[in-house]
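Asks: no sequence for this one, just the structure:
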């Protein structure tokens, strides 16, 4: 299995649509569409997010991960990740990214923390609201106080735009569905 940076716009958008669908599922309302739209229209053009895939020997995607820069441009947070094939593909993708990127993860549960520990995230700090923050070996922060906030989307603004601009909503929905339908068999 190897890690591929999905950089070509059409493939990247298709993979992001699939990632959002996998992470949020079909009962998530507009959240997958909002994340997809904001990431495509804001984070990707500003080069503030990167999409990676783990592919098998034939180039078939097995797992996807979206990394978003922090406000200082020093670290990258895994904001969304999923396995598409084998259950361990996501863990292998995160393990590879841990070796190459200044990775951060924010988790809510002991199970998530254990997953990321097995993936190579070794330094852990207590965060706000009971969250745990894990850092890979390449992350420059030495304490939780040194961590810059991860860049985020104004989801409420995107939702307001959808509400007040039906054409924008329809275009975003079509782009999302086109991405899902165009998910590549190989990368």
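Replies: Received the coordinates, thanks. In this text, all values refer to a predicted model and were calculated from it rather than measured experimentally.
Asks: what residue of the protein is the furthest out?
Replies: residue 164 (27.7 Å; C-alpha atoms, centre = their mean).
Asks: so what touches stretch 172-180?
Replies: Contact with stretch 172-180 is made by 13-18, 20-21, 32-33, 36-37, 40, 162, as judged by C-beta atoms under 8 Å, 6 or more residues apart in numbering. All C-beta atoms are positioned from the backbone trio N, CA, C, and that covers glycine.
Asks: how about CSV for the residues you listed, with distance to residue 110 added?
Replies: Formatted as CSV, the contacts of stretch 172-180 follow (distance: C-beta to C-beta, whole Å):
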residue, distance to residue 110
13, 34
14, 34
15, 30
16, 29
17, 31
18, 28
20, 26
21, 27
32, 26
33, 31
36, 30
37, 33
40, 34
162, 36
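Asks: can you tell me which two in those residues are farthest apart?
Replies: 15 and 162 (22.6 Å; C-beta to C-beta).
Asks: who has more neighbours out of those two?
Replies: Taking neighbours as other C-beta atoms under 10 Å, residue 15 and residue 162 compare with residue 15 leading, 25 against 18.
Asks: got the contact list for the more buried one?
Replies: So residue 15 contacts 6, 51, 53, 61, 64, 179, 183-184, 187 (C-beta under 8 Å, 6+ apart).
Asks: could you do residue 13 as well?
Replies: Applying C-beta under 8 Å, 6+ apart, the residues near residue 13 are 36, 40, 175, 178-179, 182.
Asks: what's the neighbour count on the closest residue to residue 130 other than its chain neighbours?
Replies: Distance criterion C-beta to C-beta, 6 or more residues apart in numbering; nearest residue to residue 130, sequence neighbours excluded, is residue 108 at 7.4 Å. Other residues within reach of residue 108, judged by other C-beta under 10 Å, total 12.
Asks: before we move on, what SS does the most centrally placed residue in the chain have?
Replies: Taking C-alpha atoms, centre = their mean, the centroid of the chain lies closest to residue 66, which sits 2.2 Å from it. Following DSSP: H, G, I helix; E, B strand; the rest coil, we place residue 66 in the strand state.
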